[in-house]
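Asks: coordinates only, sequence not included:
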């Protein structure tokens, strides 16, 4: 692999621009130097993230509490989805290194196969990230509330399904007192029942208590909310108020459970409009505003790198099919793209640890 | 392929035969297994040990160590930096490590000075 070149060089040509003291091709050296600079960028992000996180203490969201959802399934699966994403990326890192190995044997079929597998792996990863972003932006069904004593809490539990809105006072669109609005006949403006419910909560158009809530829809219709009871509703205090201290992940007793009145506290907050759903650049339901910024920026910048990697690999893949590298006599281009791809995997290993685990 | 005598094509020296390839593939799969197991262990600890518990500091240090192990395998084996010339290996690693150690030290020091913000 290495060390051969110096033997092959004549002493008088070694240092006049023809030879490399490292016995590596120019392109590969430059790729390494680029990766060092890119690693500094990501290193800077993660150190800034750590510093900010440390300065916030207990208000900072906990990975296993924030990322516990899986597509198509309800319930809590802490870190399962990010673990899956990590695994997908590691496997795609393996397929590309197998492609590089095939290239060293001038095995065009092998390179084609492994490069294709890596592109597929990359696309699955970017797709997973898209789902995760979408889930992060839309948020949970409960949201985050500020309860009556001024403390801020995230909410865990199983949200009771909203069955219908029963019209009490018709507005400009819905008519017929006692008729039910369901997802089948709701207006496009209201979206669906869940969306209308959250919108109303955030706009202070929800009133009443847990079992008997009234909602005012976009067109002014006032309706009764028919909703199944939530199960095991817990409030996790993130910012302390007058009566509640910050709850810790390790100590179950610091959470507000249903027996301690979590349900009434939660719905009181909803009826006052003291609720935040999902995430945007101004606020998010998981923790401080900065947390959202870091999430979008760090995972976004990484996702951007993955996307660039996929584009580069597709270009190289086309060249492999065309036989460009076969003609050139070596598959170094696969190696260079491979280096970049491993780097993307490497960054994710660190993001996984510092953003999700710790 | 036409040989050029005005440049040295280092990539040609990277070619190897099937026997060497077999050896390399074995190593790749071994490292894959190690990386998968380490990730599984991390997730297991992350799900089992709660933040703020007595064990948390230990687990946190373990996470960081395991991450460095994973990174070392990826860089040295998958990226073949371990197979490059020693001088090149250190030209890549040393400036980066020196700067990052400094940055982490500064970050932790300043983070401690900012705490608590709330």
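Replies: Sure, I can see it. Note that the structure is a prediction, hence the values are computed from the model and not measured.
Asks: just the element for the most centrally placed residue in chain B, please.
Replies: The centroid of chain B falls nearest to residue B:71 when counting by CA atoms, centre = their mean (1.6 Å). Following DSSP states H and E, one finds residue B:71 within helix B:56-73.
Asks: nearest residue to residue A:216 in space, please, no chain neighbours.
Replies: In space, and not counting its chain neighbours, residue A:216 is closest to residue A:205: 4.1 Å by CB to CB, 6 or more residues apart in numbering or on different chains. C-beta coordinates here come from the backbone N, C-alpha and C atoms, glycine included.
Asks: what about the one you found, distance to residue B:35?
Replies: Per CB to CB, to the nearest Å, residue A:205 is found 51 Å from residue B:35.
Asks: who's more crowded, these two?
Replies: The residue with more neighbours, out of residue A:205 and residue B:35, is residue B:35; 24 against 19, by other CB atoms under 10 Å in any protein chain shown.
Asks: so what's the more buried one up against?
Replies: Counting by CB atoms under 8 Å, 6 or more residues apart in numbering or on different chains, residue B:35 makes contact with A:90, B:70, B:73-74.
Asks: okay, and it sits in which element?
Replies: helix B:18-48.
Asks: give me the buried positions along that helix.
Replies: B:21, B:24, B:28, B:31-32, B:35, B:38-39, B:42-43, B:45-47 (16 or more other CB atoms under 10 Å in any protein chain shown).
Asks: tally of neighbours for the closest residue to residue A:241 other than its chain neighbours?
Replies: Nearest residue to residue A:241, sequence neighbours excluded (CB to CB, 6+ apart): residue A:151, at 2.9 Å. The number of residues packed near residue A:151 is 22, by other CB under 10 Å.
Asks: model confidence for residue A:273, exactly?
Replies: Listed pLDDT for residue A:273 reads 92.
Asks: for it, list the residues it contacts.
Replies: By CB under 8 Å, 6+ apart, the neighbours of residue A:273 are A:201-204, A:206.
Asks: mind redoing it with 6 Å?
Replies: The contact partners of residue A:273, taken as CB atoms under 6 Å, 6 or more residues apart in numbering or on different chains, are residue A:204.
Asks: helix/strand/coil for it?
Replies: Here residue A:273 takes the coil state, with states given by DSSP: H, G, I helix; E, B strand; the rest coil.
Asks: separation between it and chain B?
Replies: 23 Å (CB to the nearest CB, to the nearest Å).
Asks: quick check: phi and psi at that residue.
Replies: Main-chain torsions, residue A:273, degrees, to the nearest 10: phi 80, psi 10.
Asks: try the one 3 residues further on
Replies: The main-chain torsion angles of residue A:276 are listed as degrees, to the nearest 10 and equal phi -130, psi 130.
Asks: next, find the distance separating it from residue A:340.
Replies: 38 Å.
Asks: cool, residue A:205 as well?
Replies: 51 Å.
Asks: what of residue A:112?
Replies: 19 Å.
Asks: between the two, which one's more packed in?
Replies: Each of residue A:112 and residue A:340 has its neighbours counted (other CB under 10 Å); residue A:340 has more, 19 against 15.
Asks: and the pLDDT for the more buried one?
Replies: pLDDT at residue A:340 comes out at 97.
Asks: which residue is the nearest non-sequential neighbour of it?
Replies: residue A:309 (5.8 Å).
Asks: which residues does that neighbour contact?
Replies: By CB under 6 Å, 6+ apart, the contact list for residue A:309 reads A:340-341, A:344.
Asks: tell me the SS of residue A:154?
Replies: What three-state DSSP gives for residue A:154 is strand.
Asks: hey, what's it bridged with?
Replies: Beta-bridge pairing for residue A:154 (DSSP bridges): residue A:144, residue A:236.
Asks: correct me if wrong: it contacts residue A:235.
Replies: No - counting by CB atoms under 6 Å, residue A:154 does not reach residue A:235; the two are 7.7 Å apart.
Asks: looking at the nearest residue to residue A:229 once chain neighbours are set aside now. What's its pLDDT?
Replies: Nearest residue to residue A:229 in three dimensions, chain neighbours excluded: residue A:160, at 4.9 Å (CB to CB, 6+ apart). Note on residue A:160: pLDDT of 91.
Asks: how is chain B divided into domains?
Replies: B:1-83, B:85-118 (automatic domain parsing).
Asks: just the pLDDT for the closest residue to residue A:209 other than its chain neighbours.
Replies: Residue nearest to residue A:209 in three dimensions, not counting chain neighbours: residue A:267, with 5.5 Å by CB to CB, 6+ apart. As predicted, residue A:267 sits at a pLDDT of 94.
Asks: that older thread, how close does the residue nearest to residue A:216 sit to chain B?
Replies: 31 Å.
Asks: wait, a strand at residue A:214?
Replies: Yes - under three-state DSSP, residue A:214 sits within a strand.
Asks: contact residues of the stretch 251-358 of chain A facing chain B?
Replies: For the stretch 251-358 of chain A, the contact set with chain B under CB under 6 Å from any CB of the partner chain comprises A:329-330, A:332, A:339, A:342, A:346, A:349, A:353, A:357-358.
Asks: report the buried members of those.
Replies: For those, a burial check counting by 16+ other CB under 10 Å picks out A:330, A:332, A:339, A:342, A:346, A:349, A:353, A:357-358.
Asks: out of those residues, which sit inside helices?
Replies: Members of these lying in helices (criterion: DSSP state H): A:332, A:339, A:342, A:346, A:349.
Asks: which of these sits closest to residue A:292?
Replies: Nearest to residue A:292 among these is residue A:349, at 23.0 Å by CB to CB.
Asks: how is residue A:189 assigned, secondary-structure-wise?
Replies: Following three-state DSSP, residue A:189 is assigned to coil.
Asks: circling back: between residue A:154 and residue A:235, which is the more surrounded one?
Replies: Set residue A:154 next to residue A:235 and count neighbours by other CB under 10 Å: residue A:235 wins out with 29 against 23.
Asks: quick one, grab the pLDDT at the more buried one.
Replies: Residue A:235 carries a pLDDT value of 93.
Asks: separation between it and residue A:201?
Replies: For residue A:235 relative to residue A:201 (CB to CB), the value is 16 Å.
Asks: low-confidence ranges in the stretch 51-200 of chain A?
Replies: Residues of the stretch 51-200 of chain A meeting the criterion pLDDT under 70: none.
Asks: who in it is up against chain B?
Replies: A:51, A:54-57, A:59, A:62, A:64, A:78-79, A:83, A:86, A:90, A:93-94, A:97, A:101, A:104-105.
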